[in-house]
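S.K.: Sequence first, predicted coordinates after that:
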Amino acid sequence: MKKLLTLIVLLNCTNYLIAQTEKPHGPVPSARQMKWEGLDFYLFTHFGPNTFTDLEWGKGTETEDMFNPTGLDCRQWCRIAKAAGAKGIIITAKHHDGFCLWPSQYSKHTVAQSKWKDGKGDVLKELSDASKEYKLELGIYLSPWDRNHPDYGTDAYNDVFINMMKEVVSRYGPLFEFWWDGANGEGPNGKRQVYDWHRFEQTMRSIAPNTPVFSDIGPDIRWVGNESGFAGTTNWNLLDTAGFSRGAGGPSTDTLNSGNRNGKNWIPSECDVSIRPGWFYHTAEDEKVKTAEQLFDLYLKSVGRGSNLLLNVPPDRRGLFNEHDSASLVGFRKLLDENFRNNFAAKATKETFYDNTLFKKQYFADGDDKTFEKNIDIKSTAYWLRFSNGADVNCIVLKEAIAYGQRVAGFRVELIDGSNTVKEIKGTTIGKKRILTFPSQHVSAVRITITEAKAAPLISEIEVYKIDDALVEKN
């Protein structure tokens, strides 16, 4: 790889523009969504009475004293999250059982009624303080379903839920994401709640205008349609929500997985998946934690398909990330660092380019996602990467300048050795990031052609790597 000292980038199109002034096309992300788009990977943490009962969905009848972690240390969570490369943590402040991990004045089923720290504990406060110390973002999951609250199933409960949202935002914000679960079952009175989603949305926009909100259909982030951690190989950041509702009334899982090509709203996907078979901690699953290699594969199928990865890591009964999970997380970060360290495209230098058919330091190889190359001829946009001494490659990363909309609908990558095309890869969407992996090929050039686009394509980055062949994406 030391031979890769000369990299020539050639554009085979005459209608080439470098100007960085561009009008948006179609729906585009808001400022809060753009900040969220840049996070890529962060942790989920399911914690509560289920941790101590071995249940996944609590019944709401568990005694408050059931919650009693012996060594809760949110600083340990954040230390490991940071070591794993995660940008933040979302915690289940209240799951379906209704138990609140903070001393809410709107419930009598909280940490304040438990014997943990003599009723003076506050998990959200400890995590908020720790996340600030480790410079991690904090997010909150608040299930509207409540199997404990006596008002659930009545109009009064919508006020309760809104007041709980106000509590956690005012006490522990600012938040990088607010997570609504669409589950809607019976409460202690046997009734189901009619959620006032419109008021919930209005409240969040009022009290936390910079916080993106997740649910099946947004308004800011959508569920990807599965809990296995993968986005569609075609993944539009656009979604039509008219006529749909959260929960059982949402779009099909296929639609959520791929989005809508001509959707009216910018609602990107988030891939939620657990590092264990379950979402809460169970001792029996200690030997079933996903390996670092499995997490890398999930990264390729989520972040590598233009989504964000939300990886659940449940604390154990001590209130700590378990040793099995921690080892996988640190190993995962090591794989990311080692395999995405050497970007061949970044080796281009100003001296490489000369005469009027070659350009100085192309924007798509400058390491800056905010700059981009534009070609006004949609049907003939091609980018060449030439290696003077050849190279062994098996990974290509493509990025669009999504601040101006998602435009690319089809592309082709040709791996060329001499005068022969040794491999051709076809794809559809790119979005903020598309990672392509394949068995290693020796190449003298790579040609990337945009075959279909909704408007002039804006390519912000092209990266080329040789990763460990054992990590090439598994089907």
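M.R.: Thanks, I have it.

S.K.: which outside residues touch the strand or helix carrying Ile140?
M.R.: Assessed by DSSP states H and E, Ile140 sits inside strand 137-142. Residues outside strand 137-142 that contact it (Cβ atoms under 8 Å, 6 or more residues apart in numbering) are 39, 42, 44, 87-95, 124, 127-128, 131, 161, 164-165, 168-169, 172-173, 175-181. For every residue, glycine as well, the C-beta is placed using N, CA and C.

S.K.: Neighbouring strands - and their directions - for that strand?
M.R.: strand 88-94 (parallel), strand 177-179 (parallel) (DSSP bridges).

S.K.: for the helix or strand encompassing Phe332, which positions count as buried?
M.R.: Counting by DSSP H and E, the element that carries Phe332 is helix 323-339. Buried residues in helix 323-339, counted by 16 or more other Cβ atoms under 10 Å: His324, Asp325, Ser326, Ser328, Leu329, Gly331, Phe332, Arg333, Leu335, Leu336, Asn339.

S.K.: I'd like to know which of these is nearest to Asn237.
M.R.: The shortest gap between Asn237 and any of the buried residues of helix 323-339 belongs to Leu336, at 23.2 Å (Cβ to Cβ).

S.K.: Which residue comes closest to the closest one once chain neighbours are left out?
M.R.: Gly85 (6.0 Å; Cβ to Cβ, 6 or more residues apart in numbering).

S.K.: right, and the one you found touches Arg333 too?
M.R.: Yes - here Gly85 lies in contact with Arg333, judged by Cβ atoms under 8 Å, at a distance of 4.4 Å.

S.K.: From one end of stretch 398-417 to the other, what's the distance?
M.R.: Stretch 398-417 has an end-to-end distance of 21 Å (criterion: Cα to Cα, to the nearest Å).

S.K.: Would you mind giving me the confidence score for the spatially most central residue of the chain?
M.R.: Centroid-nearest residue in the chain, with Cα atoms, centre = their mean: Asn308, separated by 1.5 Å. The model reports Asn308 with a pLDDT of 98.

S.K.: How about the contacts made by it?
M.R.: Trp36, Glu37, Leu39, Asp40, Phe41, Tyr42, Ile221, Pro268, Ser269, Glu270, Cys271, Ser302.

S.K.: Just the ones of these in strands?
M.R.: Phe41, Tyr42, Ile221, Ser269, Glu270, Cys271 (DSSP state E).

S.K.: Helices of the chain, start to end?
M.R.: Under the criterion DSSP state H, helices of the chain are mapped to 31-37, 50-53, 74-83, 123-133, 155-172, 197-207, 253-258, 292-302, 323-339.

S.K.: Just the buried positions in the shortest one, please.
M.R.: If you call a residue buried by 16+ other Cβ under 10 Å, then helix 50-53 has these buried ones: Asn50, Thr51, Phe52.

S.K.: thinking again about what came up before, on contacts alone, who are the packing partners of the helix holding Phe332?
M.R.: Under the contact definition 3 or more Cβ pairs under 8 Å, 6 or more residues apart in numbering; DSSP states H and E, helix 323-339 sits against helix 74-83, helix 292-302.

S.K.: mind putting the ones you listed in TSV, distance to Tyr363 included?
M.R.: Formatted as TSV, these follow (distance: least, Cβ to Cβ, whole Å):
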stretch	distance to Tyr363
helix 74-83	31
helix 292-302	25
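
S.K.: Ok, which of those comes nearest Ile459?
M.R.: Of these, nearest to Ile459 by Cβ to Cβ is helix 292-302, at 20.2 Å.

S.K.: list the helices and strands the closest one packs on?
M.R.: strand 269-274, strand 308-312, helix 323-339.

S.K.: Output these as TSV; include the columns distance to Asp392.
M.R.: Listed next are these as TSV, based on distance: least, Cβ to Cβ, whole Å:
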stretch	distance to Asp392
strand 269-274	30
strand 308-312	28
helix 323-339	14
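
S.K.: nearest to Arg386, of the ones you listed?
M.R.: helix 323-339 (23.3 Å).

S.K.: re earlier: list just the one of the helices and strands packed on helix 323-339 that sits closest to Lys23.
M.R.: Here helix 292-302 is closest among the helices and strands packed on helix 323-339 (Cβ to Cβ), at 30.4 Å.

S.K.: re earlier: Throw the helices and strands packed on helix 323-339 into CSV and include distance to Lys191, mean neighbour count and mean pLDDT, thanks.
M.R.: Formatted as CSV, the helices and strands packed on helix 323-339 follow (distance: least, Cβ to Cβ, whole Å; neighbours: other Cβ atoms under 10 Å; pLDDT from 0 to 100):
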stretch, distance to Lys191, mean neighbour count, mean pLDDT
helix 74-83, 36, 20, 98
helix 292-302, 37, 21, 98
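
S.K.: Kindly state which of the helices of the chain is positioned closest to Glu285.
M.R.: Across the helices of the chain, closest to Glu285 is helix 323-339 (Cβ to Cβ), at 8.7 Å.

S.K.: Of the helices and strands packed on helix 323-339, which is nearest Leu320?
M.R.: Among these, helix 74-83 sits nearest to Leu320 (Cβ to Cβ), with 5.5 Å.

S.K.: Which residues are in contact with the nearest residue to Tyr134 once chain neighbours are set aside?
M.R.: With sequence-adjacent residues excluded and distances taken as Cβ to Cβ, 6+ apart, Tyr134 is closest to Cys78, at 3.9 Å. Cys78 sits next to Ile89, Leu127, Ala130, Ser131, Glu133, Tyr134, Leu136 when contact means Cβ under 8 Å, 6+ apart.

S.K.: With Ala156 instead?
M.R.: Ala156 neighbours (Cβ under 8 Å, 6+ apart): none.

S.K.: Could you tell me which residues touch both of Gly85 and Arg333?
M.R.: When contacts are counted by Cβ under 8 Å, 6+ apart, the set common to Gly85 and Arg333 is empty.

S.K.: Show the low-confidence segments of the stretch 351-475 of the chain, by residue range.
M.R.: Applying pLDDT under 70 to the stretch 351-475 of the chain picks out residues 351-362, 375-380, 475.

S.K.: And the strands in it?
M.R.: Secondary structure of the stretch 351-475 of the chain (DSSP state E, counting those that start in this stretch): strands located at 373-375, 381-400, 408-417, 420-427, 434-453, 458-465.

S.K.: of all those, which lies closest to Glu64?
M.R.: strand 434-453 (45.7 Å).

S.K.: Now that closest one: buried residues?
M.R.: Buried residues in strand 434-453 (16+ other Cβ under 10 Å): 434-438, 441, 443-451, 453.

S.K.: again with stretch 65-75
M.R.: For stretch 65-75, by 16+ other Cβ under 10 Å, it's Met66, Phe67, Asn68, Pro69, Leu72, Asp73, Cys74.

S.K.: could you dump these to TSV with distance to Lys370?
M.R.: Formatted as TSV, these follow (distance: Cβ to Cβ, whole Å):
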residue	distance to Lys370
Met66	49
Phe67	45
Asn68	48
Pro69	43
Leu72	40
Asp73	38
Cys74	34
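
S.K.: Go through those residues and name the one nearest Lys191.
M.R.: Met66 (24.9 Å).

S.K.: from memory the closest one sits against Pro49, does it?
M.R.: Yes - the criterion here is Cβ under 8 Å, and Met66 meets it with Pro49 at 5.0 Å.

S.K.: which one of the buried residues of strand 434-453 sits closest to Pro209?
M.R.: Nearest member of the buried residues of strand 434-453 to Pro209, counting by Cβ to Cβ, is Arg434, at 30.9 Å.
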